[in-house]
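Can you look at this prediction? I've put the sequence above it.
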Amino acid sequence: MSRNDGTHRLSGALTSDEVPQIWKESRAWRDEGLPAEIDLSDVEIADSSGLALLLEWLAWAQERGDEIRFTDPPESLRTIAGLSQAGGILGWENDS
């Protein structure tokens, strides 16, 4: 996970093996504020735990009255989001 001008870029896997550590590293965001954008273009694979993490971050942003965007999700994450009807919540309803 890296930060660059208000954007965090995630890379590698966003699965049940990696999500707990990413969540621990991001906990300060809940109080300090989240980045405006999470770039997912370098995420190679994701599962439902990755989707759950994004939804948690979205909830944190909403609690603070902030907005967050999740850009360039991998196909695996789009598929899970679509099947669970979370694509619209994450702003991916027009993705194909």
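Looks like it came in fine. Keep in mind that this is a model prediction, so the values were computed, not measured.

Could I get the contacting residues of the closest residue to residue 36 other than its chain neighbours?
With sequence-adjacent residues excluded and distances taken as Cβ to Cβ, 6 or more residues apart in numbering, residue 36 is closest to residue 6, at 4.9 Å. (Each C-beta comes from the backbone N, C-alpha and C, glycine too.) For residue 6, the contacting residues are 35-37, by Cβ atoms under 8 Å, 6 or more residues apart in numbering.

Who are the packing partners of the helix with the most length in the chain?
Ranked by residue count under DSSP state H, the longest helix found in the chain is helix 48-64. With contacts taken as 3 or more Cβ pairs under 8 Å, 6 or more residues apart in numbering; DSSP states H and E, helix 48-64 sits against strand 7-14, helix 19-26, helix 29-32, strand 37-46, helix 75-83.

Centre of the chain to the last one, how far?
In this view, helix 75-83 has its centroid 12 Å away from the chain centroid, taken as Cα atoms, centre = their mean, to the nearest Å.

what residues does that helix touch?
Under the criterion Cβ under 8 Å, 6+ apart, residues 14, 40, 43, 45-48, 50-51, 54, 73, 86-87, 90, 92, 95 lie in contact with helix 75-83.

For that helix, output the C-alpha coordinates as CSV.
As requested, the backbone C-alpha atoms of helix 75-83 are provided in CSV (Å, rounded to 0.1, in the frame of the first residue of the first chain):
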residue,chain,number,x,y,z
GLU,A,75,-12.1,-8.1,-13.0
SER,A,76,-12.3,-10.5,-10.1
LEU,A,77,-13.4,-7.7,-7.8
ARG,A,78,-15.9,-6.3,-10.2
THR,A,79,-17.4,-9.7,-10.6
ILE,A,80,-17.8,-10.2,-6.8
ALA,A,81,-19.2,-6.7,-6.4
GLY,A,82,-21.6,-7.3,-9.2
LEU,A,83,-22.8,-10.6,-7.8
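
Tell me what angle that helix forms with helix 48-64.
Taking axes from the mean of the first three to the mean of the last three Cα atoms, to 10 degrees, one finds that helix 75-83 is oriented at 70 degrees with respect to helix 48-64.
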